[in-house]
Every structure is written in structure tokens, then in C-alpha cells.
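Q: 3D model of this:
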Amino acid sequence: MGERLTASDVKKIEEEIEYRRLVERKRILNDVKEARAQGDLSENFEYYAAKKEKNRNDGRIRYLEKMLKYATIVDDTSKDDEVGMNNTVDVYFEDDDETETYKLVTSIRGDSMHNYISIESPIGKAIMGHKVGWLPLYAGIAGGADVILLPEIPYDIDKIAKTLDNRIANGKKFSILAVAEGALSKEEAAMKKKDFKKARAEMKYPSIVYRLADELASRVDNEIRVCVPGHFQRGGSPCAYDRVLSTRFGAAAAMLIREKNYGNMVGLVNGKIVPVPLSEVAGKLKTVPVDCEEILAAREIGISFGD
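A: Numbers count the residues shown, from 1 in each chain. Model prediction:
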């Protein structure tokens, strides 16, 4: 697991383990005993419900013990000039023209309803200068982009310009670039994190795509236009597949609630809807592997990644 925990997190986990062992387990075992005393177990709902609760409690204890065993203890303070643990930050969302206030905490204290964001979550990582490129990768391939720029693959501005020039020479009248918010140049990738954050903070452009447009304008003959998809990208009409898939997700989630199987999300794995423990996904950052099937397929059909 490798969770990052503070000393106070460890104390709370130890207290929960003790409570579940000394109080909850005793109560549940008593419920199992009483249900078994009712006789025939083949149709004894109370017995099976009590057994399921016992398994959940034991599973939670094992999970917490494993978390402590492999945890990395981190300081719950931060430097005055850096965004870190327990800091409250204001994040401006350009597309929505709104500002949200977040507090950075460890994964187990994450609570999106109160804007407590895990330091391991995508937005937590983004605040600290990291982003992932799954959305622009898929949007770029699906939208027919000729160049896709991702945080995981630092770009060379001259190679991008060469790609665009080659398309012009081959009679192509326009090119589409899909640019992730966290895209960065090879020069930026070589910077120390502190220097990179400072450079981005001092950047005169509202986002990286505007800087990229300005840099390309002096290198290629085509007119450069910037389009930020924003709400259009998130609010498209669902296709038939979307409707069927969302119905399957909703039905599976409702079944989990009916069974009181909490602490899970539903996911699509090998074509099947399966429950996935939130502990396995919450606060985890899944970057795009540079040799993943999607990137290899995109390169095969001529899409450039600026490298």
C-alpha cells in the first residue's frame, strides 16, 4: 500500500483497531451466537447477516494493520514558501471562472464533501505541480489530433513545429493539437521542482496552451487558434454505449448498497462490472505509461507526441 500517514493518523488507526477488536468483535460474535441459536441455518437471515458483518469487521482490522505495517510516516507541517500538508489553498478553475478552497491532507483523511483533498489525489498532485494525461490522450485520439502533448512525455517545441511544417508540405491545410494542462517542455522537465514551480508561477500566459500557441506562431506559417473545450468536453450527449454502460454501473452500485457492501466503487474490468474497494483507488495517481497500448497505437498511425 505504502500510504503516507502522519503521527496523528497512526494514532487514530490504532484506536480504531483497538475498538474493533475489543468492542465491535465482541458485539458481533454475540449476534452470531444468538442467530445460530434460532435453529435452522439454511434460511436464517440474521445468522448470515451477522457472519457477513463479522467478516467485514475482521477485514477492516486486517486492512488497517497492513496499512500501518507498510506506511511511510510524514511530517504534518510544511515550509512557509511551499504548498504542503495541512495547507489551505485557493485553486482557480479557468473553464468555470470559479475559485475553490482546498486543504491538503493524507489519503485516509480525504473528504471531498468538505474539500479535504488527499496529497496523493489527482488535484492534490496538480496543486504540487503534477498532472496526468489520460483525458487529453483519449480525447486527442478520438478527436483526430495530429499532435498530443502529455505531462508524461516532455515535448520539444522545434519537433512540434517540424511536424506541422511536414503536414503543410504534404498538402494538409490544418493540424489539431491536443494539449494537457500539465504538458511541459523538455527544458522544464529537466528543472528542479522548486525552479519549475517558480517558472510556471511567473509565466505571463494564463495556461500552457497559450504559451505554446505563441511559441509556434513564430515557427510555422499557419494561423494558430486556441480552443479550451471546458463545459463542451464534459457535457457531450451520451451515445447508446454510454447509456447502457451507465445503466449497468448504476444497477451494480444500487446492489452494493442493498447488500450494505459499502466502501466500494463499481468499475469495468475485462467487460464485467465489479466492485472495487475505495481504499485501492482513492488518492492514487495513475499516470499514463509512455509505452501503453494507446500511445503505441497513436504513434503507429502518425500522431506525434512532440518528442
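Q: alpha carbons only for contacts and neighbour counts from here, please
A: Will do.
Q: in the stretch 1-150 of the chain, which spans are strands?
A: Under the criterion DSSP state E, counting those that start in this stretch, the stretch 1-150 of the chain contains strands at 4-5, 72-73, 88-93, 98-105, 116-118, 147-149.
Q: under the pLDDT cut-off, which ranges of the stretch 101-250 of the chain? List them.
A: 107-131, 230-236 (pLDDT under 70).
Q: any idea what residue 148 is bridged to?
A: Beta-bridge partners recorded for residue 148 (DSSP bridges): residue 178.
Q: ok, the most far-flung residue of the chain relative to its centre to residue 54 distance?
A: The outermost residue of the chain relative to its centre, with distances by C-alpha atoms, centre = their mean, is residue 39 at 49.0 Å. Going from residue 39 to residue 54 by C-alpha to C-alpha, to the nearest Å gives 19 Å.
Q: how about residue 158?
A: From residue 158 to residue 54 the distance is 62 Å (C-alpha to C-alpha).
Q: more neighbours, these two?
A: Just comparing residue 158 and residue 54: by other C-alpha atoms under 10 Å the higher neighbour count belongs to residue 54, 20 against 14.
Q: need the contact list for the nearest residue to that one once chain neighbours are set aside.
A: Leaving aside its sequence neighbours, residue 54 sits nearest to residue 28 (C-alpha to C-alpha, 6 or more residues apart in numbering; 6.0 Å). Counting by C-alpha atoms under 8 Å, 6 or more residues apart in numbering, residue 28 touches 50, 53-54.
Q: which helices and strands sit right next to the helix or strand harbouring residue 241?
A: Assessed by DSSP states H and E, residue 241 sits inside helix 240-258. In terms of contacts (3 or more C-alpha pairs under 8 Å, 6 or more residues apart in numbering; DSSP states H and E), helix 240-258 is packed against strand 264-269, strand 272-277.
Q: tell me the secondary structure at residue 213.
A: Using DSSP: H, G, I helix; E, B strand; the rest coil, the structure places residue 213 in helix.
Q: next, count neighbours for the closest residue to it other than its chain neighbours.
A: Spatially, and ignoring its direct neighbours in sequence, residue 213 is nearest to residue 224 (6.1 Å; C-alpha to C-alpha, 6+ apart). Using other C-alpha under 10 Å, residue 224 has 15 other residues around it.
Q: same check, this time on residue 4
A: 21.
Q: pLDDT at it, what is it?
A: The model reports residue 4 with a pLDDT of 74.
Q: and if you look at residue 81?
A: The model's pLDDT for residue 81 equals 50.
Q: cool, the one 5 residues further on as well?
A: Per-residue confidence at residue 86 stands at 67 (pLDDT).
Q: who's in contact with the closest residue to residue 144 other than its chain neighbours?
A: Spatial nearest neighbour of residue 144, excluding adjacent residues (C-alpha to C-alpha, 6+ apart): residue 176 at 7.3 Å. Counting by C-alpha under 8 Å, 6+ apart, residue 176 makes contact with 144-147.
Q: just how off-centre is stretch 273-289 within its chain?
A: 8 Å (C-alpha atoms, centre = their mean, to the nearest Å).
Q: again, but for stretch 267-287
A: 11 Å.
Q: now do the same end-to-end measure for it.
A: 18 Å.
Q: elements contacting the longest helix along the chain?
A: Longest helix in the chain by number of residues, with DSSP state H as the criterion: helix 45-70. On a contact count with 3+ C-alpha pairs under 8 Å, 6+ apart, helix 45-70 meets helix 7-19, helix 25-36.
Q: JSON lines please, covering the helices and strands packed on helix 240-258 and showing distance to residue 65.
A: Formatted as JSON lines, the helices and strands packed on helix 240-258 follow (distance: least, C-alpha to C-alpha, whole Å):
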{"stretch": "strand 264-269", "distance to residue 65": "19"}
{"stretch": "strand 272-277", "distance to residue 65": "16"}
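Q: switch those over to JSON lines; also include mean pLDDT.
A: Output for the helices and strands packed on helix 240-258, formatted as JSON lines (pLDDT from 0 to 100):
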{"stretch": "strand 264-269", "mean pLDDT": "90"}
{"stretch": "strand 272-277", "mean pLDDT": "91"}
